[in-house]
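**Q** model the structure of this input:
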Amino acid sequence: MGSRERRWKGPSFAPGASARKRVVVEGGDGAERWILARALHEAGFDVVRCGGPAENGGPCPLVAGRGCDAVERADGVVNLLGLRSPDGEEILRAVRAAAPHAGIVAQVTPFDRERLAPLLADCECYVVSPRATADALTSTVVRATSPARSAAPGRAVGDTELD
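**A** Next comes the predicted model:
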């Protein structure tokens, strides 16, 4: 990777061990991230929020090869960046490479779920709908970070889709 000086110094988890699972919520708008982070915190997770490239003033540090302590230490990553842009797809690939141990939840449209099936393999997919709630997304994160997920790599995963 490179020298420690090049490593990105973005948001991360508090130092030391924690009994709580760690989740990074990336992308989306600030209110969406805050609502989800609060719901996840109340469900027992330590949460770090990342605004993505648009709010961080440059390319994702993982994509740029500078590492990301929060993602690398996370038990789960929630991707709210949207996968309709090449940036969103590239960031999801970089997150998967940096944290193969983490459960990944990708917020997708039904179209993206089909179009990006190989990229989304082994991800829990939260399919966007008008009735989507923070509680439904939180339950998807719980499933993605469960011991059953890590005990069965490569298993088929389900979608959370609300009618």
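
**Q** could you give me the buried positions within stretch 33-48?
**A** 33, 35, 36, 37, 39, 40, 43, 45, 46, 47, 48 (16 or more other CB atoms under 10 Å). Backbone N, C-alpha and C define where each C-beta goes, glycine included.

**Q** now do the contacts for the second one.
**A** If you count contacts by CB atoms under 8 Å, 6 or more residues apart in numbering, residue 35 has them with residue 134.

**Q** tell me the SS of it?
**A** For residue 35, the assignment made with DSSP: H, G, I helix; E, B strand; the rest coil gives helix.

**Q** against residue 49, how distant is it?
**A** Distance of residue 35 to residue 49, given as CB to CB, to the nearest Å: 11 Å.

**Q** before we move on, what about the fifth one?
**A** When CB to CB is the yardstick, residue 39 and residue 49 sit 12 Å from each other.

**Q** go on, the first one?
**A** With the distance defined as CB to CB, residue 33 ends up 5 Å from residue 49.

**Q** which residues are in contact with both of those two?
**A** residue 25.

**Q** hmm, back to that, which one of the buried residues of stretch 33-48 sits closest to residue 26?
**A** residue 33 (8.1 Å; CB to CB).

**Q** what pLDDT is listed against the closest one?
**A** Listed pLDDT for residue 33 reads 87.

**Q** with residue 111 instead?
**A** 81.

**Q** which element follows the helix or strand hosting it toward the C-terminus?
**A** For residue 111, the host element (DSSP states H and E) is helix 110-115. Later in the chain than helix 110-115, the nearest helix or strand by DSSP H and E is helix 117-120.

**Q** which residues of the protein fall in helices?
**A** Along the chain, the stretches classed as helices by DSSP state H are 30-42, 52-56, 69-73, 86-98, 110-115, 117-120, 134-144, 147-151.

**Q** run the chain-centre distance for the first one.
**A** Offset of helix 30-42 from its chain centre (CA atoms, centre = their mean, to the nearest Å): 13 Å.

**Q** do the fourth one as well
**A** Averaging C-alpha coordinates over helix 86-98 and over its chain gives two centres that are 10 Å apart (CA atoms, centre = their mean).

**Q** by contact count, what packs against that helix?
**A** Counting contacts by 3 or more CB pairs under 8 Å, 6 or more residues apart in numbering; DSSP states H and E, helix 86-98 packs against strand 22-27, helix 52-56, helix 69-73, strand 76-80, strand 103-108, helix 117-120.

**Q** and the fourth one, what does it pack onto?
**A** Using 3+ CB pairs under 8 Å, 6+ apart as the contact criterion, the secondary-structure elements in contact with strand 76-80 are strand 22-27, helix 30-42, helix 86-98, strand 103-108, helix 134-144.
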